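Colleague: Next one to model:
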Amino acid sequence: MKPLPETTNALVLRTDFSDDGAWDAVCRAIQEPVGEFQAFVDCVSDAAFDGLAAADLLRLAAAGESRRGFLFVVDQMTLTNAEHPILVVDLWETPGRTFRVIPARMWSVENNLSLANMDFHEFAESAGADGVFRGFD
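Modeller: Alright, predicted model coming up:
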């Protein structure tokens, strides 16, 4: 398997190639500023990752030399669900732990995890009963 791409910003990796328009819309929504905040991410669309599950991506991260602590994944659920919840995979604290985040709250997750201002578990434990983080109450 191909290693995870190295990027300057946080990585948003596409694993579902069924709808190019939805992919483009999700990437735009993720990067849309919310007030003074914005997610700093690189959206990567590479068919080599088509169909990979979180467990596959975890193995790729472990096998590579990446020092990445988390990964955003745009999968089938992201592209087909009305809220477009992006899968967030922990690669560091509890490898393999996941939650989802709506695009309008990506900035919060990306900014705080990238700066180590908050831990993965704080977002995961603040997700709704459906596993989707929509912000802090």
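Colleague: Could you pull out the strands in this structure for me?
Modeller: 10-14, 41-44, 70-74, 86-90, 98-101, 132-133 (DSSP state E).
Colleague: Where do the helices of this structure begin and end?
Modeller: Here the chain has its helices, by DSSP state H, at 20-31, 54-63, 76-80, 106-114, 120-124.
Colleague: Reformat the strands of the chain as JSON lines; add mean neighbour count, distance to F120 and mean pLDDT.
Modeller: To be clear about C-beta, it is placed using only N, CA and C from the backbone, and glycine gets the same treatment. Putting the strands of the chain into JSON lines (neighbours: other C-beta atoms under 10 Å; distance: least, C-beta to C-beta, whole Å; pLDDT from 0 to 100) gives the following:
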{"stretch": "strand 10-14", "mean neighbour count": "22", "distance to F120": "13", "mean pLDDT": "97"}
{"stretch": "strand 41-44", "mean neighbour count": "18", "distance to F120": "16", "mean pLDDT": "97"}
{"stretch": "strand 70-74", "mean neighbour count": "23", "distance to F120": "6", "mean pLDDT": "97"}
{"stretch": "strand 86-90", "mean neighbour count": "23", "distance to F120": "5", "mean pLDDT": "97"}
{"stretch": "strand 98-101", "mean neighbour count": "23", "distance to F120": "8", "mean pLDDT": "98"}
{"stretch": "strand 132-133", "mean neighbour count": "20", "distance to F120": "11", "mean pLDDT": "98"}
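Colleague: Check what contacts the worst-scoring helix or strand of the chain on mean pLDDT and list those residues.
Modeller: The helix or strand of the chain with the lowest confidence, counting by mean pLDDT, DSSP states H and E, is helix 54-63 at a mean of 88. Outside helix 54-63, the residues that touch it by C-beta atoms under 8 Å, 6 or more residues apart in numbering are 1-4, 13, 15, 49, 52, 68, 71, 73, 87, 89, 91, 95-96, 98.
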